[in-house]
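Chemist: any chance you can model this:
(4 chains)
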4 protein chains.
Amino acid sequence: MDATDGRPPRPIRLGMVGGGEGAFIGAVHRMVARLDGQYELVAGALSASPEKSLRSGRALGLADARVYGDWETMARAEAARPDGVEAVAIVTPNHAHAGPVRGFLEAGFDVICDKPLTTTLAEARALAADVARSGRVFALTHNYTGYPLVRQMRAMVREGRLGRLRLVHAEYPQDWLTLPIERDGQKQAEWRTDPARSGAGGAIGDIGTHAFNLAEFVTGLKAEAVSAELTSFVPGRALDDDAQIRVRWSGGARGAIWCSQVAPGNENGLQLRVYGETGGMHWRQDDPNRLYFTAFGEPTRILTRGGAGTGSDAARATRIPAGHPEGYLEAFANVYVEAAAAIRARRAGLPAPPDLHFPGVEDGVRGLAFVEASVA
Amino acid sequence: MDATDGRPPRPIRLGMVGGGEGAFIGAVHRMVARLDGQYELVAGALSASPEKSLRSGRALGLADARVYGDWETMARAEAARPDGVEAVAIVTPNHAHAGPVRGFLEAGFDVICDKPLTTTLAEARALAADVARSGRVFALTHNYTGYPLVRQMRAMVREGRLGRLRLVHAEYPQDWLTLPIERDGQKQAEWRTDPARSGAGGAIGDIGTHAFNLAEFVTGLKAEAVSAELTSFVPGRALDDDAQIRVRWSGGARGAIWCSQVAPGNENGLQLRVYGETGGMHWRQDDPNRLYFTAFGEPTRILTRGGAGTGSDAARATRIPAGHPEGYLEAFANVYVEAAAAIRARRAGLPAPPDLHFPGVEDGVRGLAFVEASVA
Amino acid sequence: MDATDGRPPRPIRLGMVGGGEGAFIGAVHRMVARLDGQYELVAGALSASPEKSLRSGRALGLADARVYGDWETMARAEAARPDGVEAVAIVTPNHAHAGPVRGFLEAGFDVICDKPLTTTLAEARALAADVARSGRVFALTHNYTGYPLVRQMRAMVREGRLGRLRLVHAEYPQDWLTLPIERDGQKQAEWRTDPARSGAGGAIGDIGTHAFNLAEFVTGLKAEAVSAELTSFVPGRALDDDAQIRVRWSGGARGAIWCSQVAPGNENGLQLRVYGETGGMHWRQDDPNRLYFTAFGEPTRILTRGGAGTGSDAARATRIPAGHPEGYLEAFANVYVEAAAAIRARRAGLPAPPDLHFPGVEDGVRGLAFVEASVA
Amino acid sequence: MDATDGRPPRPIRLGMVGGGEGAFIGAVHRMVARLDGQYELVAGALSASPEKSLRSGRALGLADARVYGDWETMARAEAARPDGVEAVAIVTPNHAHAGPVRGFLEAGFDVICDKPLTTTLAEARALAADVARSGRVFALTHNYTGYPLVRQMRAMVREGRLGRLRLVHAEYPQDWLTLPIERDGQKQAEWRTDPARSGAGGAIGDIGTHAFNLAEFVTGLKAEAVSAELTSFVPGRALDDDAQIRVRWSGGARGAIWCSQVAPGNENGLQLRVYGETGGMHWRQDDPNRLYFTAFGEPTRILTRGGAGTGSDAARATRIPAGHPEGYLEAFANVYVEAAAAIRARRAGLPAPPDLHFPGVEDGVRGLAFVEASVA
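Modeler: Below you'll find the model as predicted:
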């Protein structure tokens, strides 16, 4: 905390691009920004339709003057206000990330952006250069990295508790696109199955990148080669709704990434399994407060969030005692909390605090490289 | 929403009594009050020590002028301010609930109070009369009632999906008091094992009341008779750390409540099992996004939060899609959200909205009756 | 093995009383007797009806001459044969245990008897005296004691891995008597709900005794006092179909036994939880190849049958490698295997081998004492 | 049953090749052959070493005259005896299957053979021709096909309960070869990592073929193309200890097979997941008495062995009531039971009974094709 008298810093003034009526992820960003009192939403360009943006802004309690019909106007106007936003959350569909990210960075704002970073690798690389040039904080909300036991897993893998890694298996099956609901006006399904808005990857871009990022985040390995088969099972669907990917990881590890949106019985079945020369670990999003750890030759241990055997990385990411489950929102909020710490440090001219693990633009570039390699 | 132009109502101005440095539950109340943007913490009497209260208030970003050394001063001062608090959260140890509850009600405030309501049944009954007389909203934070699938379970039981009930088993084992940590200065353990601050019940008051309330909340049955054995396993401990209670429920149902704070391997193992003439259900806090439902003669079904087969009561209590786990904080926040709806309605002179299920003072009275009957 | 040349002993010649057509448990006894090649079924009085006994005997491949219409004849005839049976399995309904047990003991046979031992405590005690007087082996098939991880749990508890015990919770919920199927001619239900054949206990005698025995078997504690509520939920049912029992165990431990036959969703939900001053353990029949062990202050460990951390008692009771599930039949067969070792030793005039843990007549007496105390 | 008077047929006289001292799978074959009383072991060539064969035979209680030093002698001698064996179980290492299989078929015996069928596809095909020519029964012990809920899954998939299949994922991770135990004299590890005895596939031949067979058995689909990466993680190991295989199934389904012997924390983690246009199913060997079934748009149902919603195929493969776990041995025994029915029918000159699902030589050929395609 940078305040005197033991006071906490005031909340960071946050703007939002996208996330108007009917959007799922925008509402999530707002809840998690609010949870820890680190941000205050004060402005937004919430929709490409000015009327809808205004209506959405009012529903969120924003002042009419701080609700904009497009992000360019917002960037200009907010930059000019003494009480203007300090950071901006970009929660538009994938194809509409690069523009506002670049624009707000150039206007001097710190940026939090939903994933995947862009729709093409080339654009992702260009954006990475922009971020570097800007000197601004850039956070990419690969939110699953914020789970306390994912942090614990990362710490233990990197401490060598599994020995040299041999196998990394990540998967993210869902079932919500089992039927062609994009033809029935389901808004989320519409843009996620539309190459113009999602890019060349369907399931692989939407959730495969999460599984991929989680694997790299935890292990520190890099995917060096992929062999992929992408399928559109639902007739007429333009993008893949299933991807089977074999991966060669750096250091000689092997494994696979599977993502699917047509696997009935799986809601959001993200899981990661990692095996090394001396042990293995297993974590699943649908049971996120338990981490299974086996030191080879010993009984499997169940590490719990906040429980015995967990360390400082997990502790920093946890809010309540062991046994009281935390979930998706708390994990997501951890990305926002860490971004806040980086933003405050930057604005104060200080180096970023140590032990921040939020994903950044390089993760976004790697994600697009993964998508393009898999599609190719 | 009572606002024009599609705007949401402004946050309710909230004060807090208790919850200063080192307190667990106060921090939880603040997070959950903030999560949905329905409350703004603006004042507090956070500790019995004025210095600690001030320090705690500053750490929370309160203005010095709104931080008080005692709740009586806070009640007077806030009542006198045009921008004074509208509702107060009481998060002190049990013995210090009744005073501020009564005081703030009399001063015209709506009150949210942590459980158990008081330390004696007589005091609980007196408080219930005060609440009735005051006409104010009173919410008791039996937070487990806020879990979406607890709401689902309640709805299904009451719709008769299990038939006439036969068996109700609730349990809440923990292990954190396995050792006499109250002698090592662990603050939470100190007051929870101290009859002067906790009342006549130890584990039974602290967590037994949660299990009891959950059972009544879900089933609509009332405990008509209890047969209890309370034990203090840790030498020198003044209050029970384990309670084995057999219950006769209204309507002829039978069952048991078990709570313990000395059961190693159980963090917060609250669970509820309900069986009727035509079916059974099972819910556990450590896996809160799944509800097991068996219509007798059919395969057990796993209902998931937000998933197929869940209804409107659960939906109102849920924030994010199925498969993304919600947890303790979201459930707790649901009590605050519903209290907010009741508070807004009362302040507007309107009847409370339908379908609010937050626990109130009668639940508190019943909880103390349960404790006293079990202790006796 | 007592044979020369490395040869195994020939199978023990086994007779059976009860277990004719339509019986469930008789078929189980036959399978488990056969599994390890230790017994050969050669004779039987399989039904009270001579015709049915003969028909059942033929279906089992017995010679007609070895199939009897009543056990008295069988005892006489088999005693007179040079190739007569050596041991007898009694698998009749409860009320028909004492007669053949006593008769076969007196005729010099070793006896394996299904549980509960008898229908009254007085009769059980008399039988215990008969067993003692006979010098014969008597095994009572509390089959759950044969699970390898139950043996492991027993060994660890007795080694003090949990410290002094504080809590013992056993439960055995089923749902098959949810409806009054005894009125529809379901044979198993008929005799189990008939006081004339089952004794004073319904669920408590049939499955409560299993839970009780398992608790004592594992912990070595003795129930010193019980406080019970037995209920017949199904209208017209003469015996309890649910029992809620609070138990004071020797050494100051507390806990409960719950058994029910009207809890929809529970097939055979036997489980045991034991907590001591330094740790806790949990085992469930529906997941019998995993044992959860928590040393207080350390992560919970999952011990697997045959896996790391298990000892010799479990190893002796296991047949195949870890990860290949064993189940009910193998556990049951372990009682038969141990009984065989005792029978062979007795017949050879040798002391019984060490490390045999099969339940005996004293367990049966304790079971009836438990039933009568609970019914009273 | 082919007997008169309600008598069961006498046991089939069984011989065994391999399975001497220290062998794991031979002991399993003997237990499962015995469990249901359908076979009687009377002869064997239990080891390539005559001394060891004799010693092993005596330990099994075989007459010395029926214990042979090699399978050729056994085939001749047993064929010449009026009470000679009727069927032979081949449980040697992979490279030593083809010889005795062919030899015993030619000598007129029915044959039960452990998997994989042979070490090369060419040899497998030749053997298939031999089987066809012989007119004898040939059973390949892909034992996992015998699990009741695998049968249930197969029936439901084939009834179209999942709609047209889209995805089939099978995996079989183990951890027992994490260290180079083949160099420390562990016999099982020695031959399984030796190309001369196991063939070109290590993990893929030993357990990958099981996963592959299970997938085809349940779904009725055929693998049309594979893309595989085989790795030997343990330095100096000649065969793969991990295989990552992407599969194109007939009918347009996609999926993967993963097997590993170096994944710490996995004992025998065989599992199968199948997804179609209208539903999904999931089964795991380490929880074999539950089958998860999701009709898309409905809650997931848990089918239990013997429980509600299971059909005749599962019922035929089950021995005891729901809730009492069955395991590996019972499943394995189901293959033997079905083979017995086919053997009895053949010997009686009758057509094989309907509804037998035991794997045969074609499964063996397909397994070798899978191994060779993956290795290539």
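Chemist: what ranges do the strands span in the stretch 251-376 of chain A?
Modeler: For the stretch 251-376 of chain A, strands defined by DSSP state E, counting those that start in this stretch occupy the ranges A:254-260, A:271-276, A:279-284, A:290-295, A:300-304.
Chemist: as JSON lines, those strands with mean pLDDT would be great.
Modeler: As requested, those are exported to JSON lines (pLDDT from 0 to 100):
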{"stretch": "strand A:254-260", "mean pLDDT": "98"}
{"stretch": "strand A:271-276", "mean pLDDT": "98"}
{"stretch": "strand A:279-284", "mean pLDDT": "98"}
{"stretch": "strand A:290-295", "mean pLDDT": "98"}
{"stretch": "strand A:300-304", "mean pLDDT": "98"}
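Chemist: quick one: closest of the ones you listed to chain B.
Modeler: Taking C-beta to the nearest C-beta as the criterion, strand A:300-304 is the member of the strands of the stretch 251-376 of chain A that comes nearest to chain B, at 6.3 Å. Quick note: C-beta positions are derived from backbone N, CA and C, even for glycine.
Chemist: and that closest one, what does it pack onto?
Modeler: Identification of packing neighbours for strand A:300-304 by 3 or more C-beta pairs under 8 Å, 6 or more residues apart in numbering or on different chains; DSSP states H and E yields helix A:148-158, strand A:290-295, strand C:300-304.
Chemist: get me the contact residues on the stretch 201-350 of chain A for chain B.
Modeler: Where proximity means C-beta under 8 Å from any C-beta of the partner chain, the interface of the stretch 201-350 of chain A facing chain B comprises A:266-269, A:285-289, A:304, A:307, A:319-330.
Chemist: tally of neighbours for A:A27?
Modeler: As a burial measure, the neighbour count of A:A27 was computed by other C-beta atoms under 10 Å in any protein chain shown and equals 17.
Chemist: for A:G135, that is, sorry about that
Modeler: By the measure other C-beta under 10 Å, the count of residues near A:G135 is 10.
Chemist: equivalent analysis for the one 10 residues further on, please.
Modeler: Counted with other C-beta under 10 Å, residues neighbouring A:T145 total 26.
Chemist: cool, and the one 3 residues further on?
Modeler: Other residues lying near A:P148 total 26 when counted by other C-beta under 10 Å.
Chemist: A:E216 too?
Modeler: Applying the criterion other C-beta under 10 Å, we find 23 residues in the vicinity of A:E216.
Chemist: quick one: check the one helix or strand A:V88 maps to for contact with chain B.
Modeler: Using DSSP states H and E, the element containing A:V88 is strand A:87-90. No - in this structure, strand A:87-90 remains apart from chain B according to C-beta under 8 Å from any C-beta; the gap is never smaller than 15.6 Å.
Chemist: and the contacts of the helix or strand just after that strand?
Modeler: Past strand A:87-90, further along toward the C-terminus, the next helix or strand under DSSP H and E is helix A:98-106. Helix A:98-106 is contacted from outside by A:17, A:45, A:71-72, A:75, A:88, A:90, A:92, A:111, A:113, A:117-118, A:123, A:126-127, A:130-131, A:134, A:136, A:138, using C-beta atoms under 8 Å, 6 or more residues apart in numbering or on different chains.
Chemist: re earlier: by contact count, what packs against the strand holding A:V88?
Modeler: For strand A:87-90, the elements it packs on are strand A:12-17, helix A:98-106, strand A:110-113, judged by 3+ C-beta pairs under 8 Å, 6+ apart.
Chemist: switch the cut-off to 10 Å
Modeler: Strand A:87-90 sits against strand A:12-17, helix A:25-35, strand A:39-45, helix A:71-80, helix A:98-106, strand A:110-113, strand A:138-140, helix A:328-347, with contacts defined as 3 or more C-beta pairs under 10 Å, 6 or more residues apart in numbering or on different chains; DSSP states H and E.
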